[in-house]
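Novice: fold the following, please.
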Amino acid sequence: MQDVYFAECGGNHVFCKTYNNEIYEWGFNEEGQLGVSSLVNHSIPIPFLNLLHKDVIDIKCGYEHTLVLTKNGDVYSCGYNYYG
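Specialist: Residues are numbered from 1 along each chain as shown. As a prediction, the model looks like this:
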């Protein structure tokens, strides 16, 4: 992993962005908060490939969800959605 530009921590998961604009994630994924195709937990950083070609400018993690903001204003979310 390259040098980290910023990191965001949720209840039990972490997202970070590198200076090379790569996004990594790890931690619990029981509610899909990592945004991968399974609910498997990850104990080491894995690349977040779903937004590979998006210009991510901010990431916010809640207890069991994650929000991602891109430069053009798109917002992506993953994780627990009980309250919509």
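
Novice: show the pLDDT at the residue nearest the centre of the chain.
Specialist: Geometric centre of the chain, nearest residue: F15, 4.5 Å, by CA atoms, centre = their mean. According to the per-residue confidence, F15 scores 97 in pLDDT.

Novice: ok, it - contacts?
Specialist: Counting by CB atoms under 8 Å, 6 or more residues apart in numbering, F15 makes contact with A7, E8, I23, Y24, E25, F48, I59, C61, T66, V68. Just so you know, the C-beta spots here come from the backbone N, C-alpha and C atoms, and that holds for glycine as well.

Novice: please spell out the ChimeraX selection for the buried subset of those residues.
Specialist: Only the buried entries of the contacts of F15 go into this ChimeraX selection, using 16 or more other CB atoms under 10 Å:
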select :8,23,24,25,48,59,61,66,68
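
Novice: check what pLDDT Y83 gets.
Specialist: Y83 carries a pLDDT score of 72 in this model.

Novice: could you check how far it is from D55?
Specialist: Distance of Y83 to D55, computed by CB to CB, to the nearest Å: 29 Å.

Novice: kindly report the same for Y76.
Specialist: Using CB to CB, one obtains 12 Å as the distance from Y76 to D55.

Novice: those two: who's more crowded?
Specialist: Legend: neighbour count by other CB atoms under 10 Å for Y76 and D55, higher for Y76 (15 against 11).

Novice: tell me which residues of stretch 70-79 come out buried.
Specialist: Along stretch 70-79, the positions that meet the burial threshold by neighbour count (16+ other CB under 10 Å) are C78, G79.

Novice: any weak-confidence spans in this structure?
Specialist: Within the chain, the stretches falling below the threshold (pLDDT under 70) are 1, 84.
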